[in-house]
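J.: Need a 3D model of the following:
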Amino acid sequence: ITTAATATEITVLDATALDLGVTSAQNGTITLGVGGDITGALTQTGGAITANALVLGTTNSVTLTDAGNNVATLSGSSSGILQYTDADTFTVNGLTSNGNPITLIATTGNLVQGTGAVDAGVGTVTLTASAANGSILDSTNDTVADAIGSTLTLNAGALGTGTGSIGKDPAVGPSGFFGT
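T.: From the prediction side, this is the model:
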């Protein structure tokens, strides 16, 4: 699914399952499900997702792990396992998985928590900024793993060789860990 115009919106509703190929809204928003109306697995084969914003609304698992994905912001909810990989820096503006694991990876660049918590309930939250100098940043003081019992794993910089960091975005306040 591709749009040629800038700032175009793409919305997919009422799907039992969805397997995406190349999907591009350029500077617009791609909305995959609203209020959980994609009831089957949301997967991706054969191409990257490119948009200013990606909004998820599913009642099943989400596996969007193409290394070429490139969105500026990610938000939404899933009632299953949620996995997303992005080619560079992206911001998470609230993401929930109803007690299932959430795995987010920025392959080059930073992973930034924007507005809203990354909430896996009792599930595991894994945030990774893979680049040698990749950082995981909190830009708002929101909580990262917003439920008691969650396991939080933060990986910044190439393991053992990077100079990445975990803390507040220097643009919004003094350094520290999420929520401090």
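J.: drop to CA atoms for contacts and neighbour counts, all remaining ones
T.: Will do.
J.: If you rank every helix and strand of the protein by mean pLDDT, what lands last?
T.: When the helices and strands of the chain are scored by mean pLDDT, DSSP states H and E, strand 166-168 comes last with a mean of 49.
J.: For stretch 30-40, list the C-alpha coordinates in PDB.
T.: This file holds the C-alpha atoms of stretch 30-40, laid out as PDB (Å, rounded to 0.1, in the frame of the first residue of the first chain):
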ATOM      1  CA  ILE A  30      -0.600   4.700   8.900                       C
ATOM      2  CA  THR A  31      -3.400   3.300  11.200                       C
ATOM      3  CA  LEU A  32      -3.600  -0.400  11.400                       C
ATOM      4  CA  GLY A  33      -6.900  -1.200  13.200                       C
ATOM      5  CA  VAL A  34      -9.000   1.100  15.400                       C
ATOM      6  CA  GLY A  35     -10.200  -0.100  18.800                       C
ATOM      7  CA  GLY A  36      -8.900  -3.600  18.200                       C
ATOM      8  CA  ASP A  37     -10.700  -4.300  14.900                       C
ATOM      9  CA  ILE A  38      -7.800  -6.300  13.400                       C
ATOM     10  CA  THR A  39      -8.600  -9.600  15.100                       C
ATOM     11  CA  GLY A  40      -5.900 -11.800  13.500                       C
END
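J.: Buried residues in it, which are they?
T.: For stretch 30-40, the neighbour count (16 or more other C-alpha atoms under 10 Å) marks 30-34, 36-40 as buried.
J.: got CSV for these, with pLDDT, distance to residue 47 and secondary structure too?
T.: CSV is the format used below for the buried residues of stretch 30-40 (pLDDT from 0 to 100; distance: C-alpha to C-alpha, whole Å; DSSP: H, G, I helix; E, B strand; the rest coil):
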residue, pLDDT, distance to residue 47, secondary structure
30, 90, 15, strand
31, 91, 17, strand
32, 90, 16, strand
33, 85, 19, coil
34, 75, 23, coil
36, 72, 24, coil
37, 77, 23, coil
38, 84, 20, strand
39, 85, 22, coil
40, 85, 20, coil
